[in-house]
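Asker: Structural data only, the sequence is not supplied:
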């Protein structure tokens, strides 16, 4: 094997990975331009997502017996200072990165159209759970709030996104060959001879 053949072999061997990385970088760049330079300064989408997370978190807290009131981007608590959801903590950046991964990784368009909303819902619900937990900690165990907020919550989100990534890579992005794709059905039973 000469040097050109070795080079082509290495490139073809790593081609899918390089293609994925190129797509991921391009999608991340587009997300950066869209989010950081347009959506974040505009503020309406972040405000809406933050307010819906606050309302959902308030309902969860009320459901478990903690007195809470939703007020804009804040959950006000009767026995603690409460929580304010700021830009960057509402899950939008995580949702963008998740969607970018799904778009960059191989898979069918139909599956993407089903999996991206599913993943967004999972990330949104995880954020509601995170906000509810943090508010509950403020009421029942205030010293743990900072530790969970600074260390536990980012790790929690990374695990959620990693789990969605594994799910997509193993099931969503993989082509599920059906029997019709494998060619004509060949029966192993003998057919009667025509007389």
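Answerer: Yes, it's here. Keep in mind that this is a model prediction, so the values were computed, not measured.
Asker: Now do the contacts for residue 145.
Answerer: Listed by CB atoms under 8 Å, 6 or more residues apart in numbering, the contact set of residue 145 reads 134, 137, 138. Where C-beta positions appear, they are placed from N, C-alpha and C, glycine not excepted.
Asker: Identify, from those residues, the entry nearest to residue 32.
Answerer: residue 134 (27.4 Å; CB to CB).
Asker: give me the low-pLDDT residue ranges for the chain?
Answerer: For the chain, residues meeting the criterion pLDDT under 70 lie at 1-12, 173-195.
Asker: That one: strands as residue ranges?
Answerer: Applying DSSP state E to the chain gives strands spanning 68-71, 74-77, 83-84.
Asker: want to throw the ones you listed into a markdown table with mean neighbour count and distance to residue 92?
Answerer: As requested, those are exported to a markdown table (neighbours: other CB atoms under 10 Å; distance: least, CB to CB, whole Å):
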| stretch | mean neighbour count | distance to residue 92 |
| --- | --- | --- |
| strand 68-71 | 18 | 19 |
| strand 74-77 | 20 | 18 |
| strand 83-84 | 20 | 16 |
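Asker: and those strands as CSV, adding distance to residue 14?
Answerer: Shown next, in CSV, are the strands of the chain (distance: least, CB to CB, whole Å):
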stretch, distance to residue 14
strand 68-71, 50
strand 74-77, 48
strand 83-84, 45
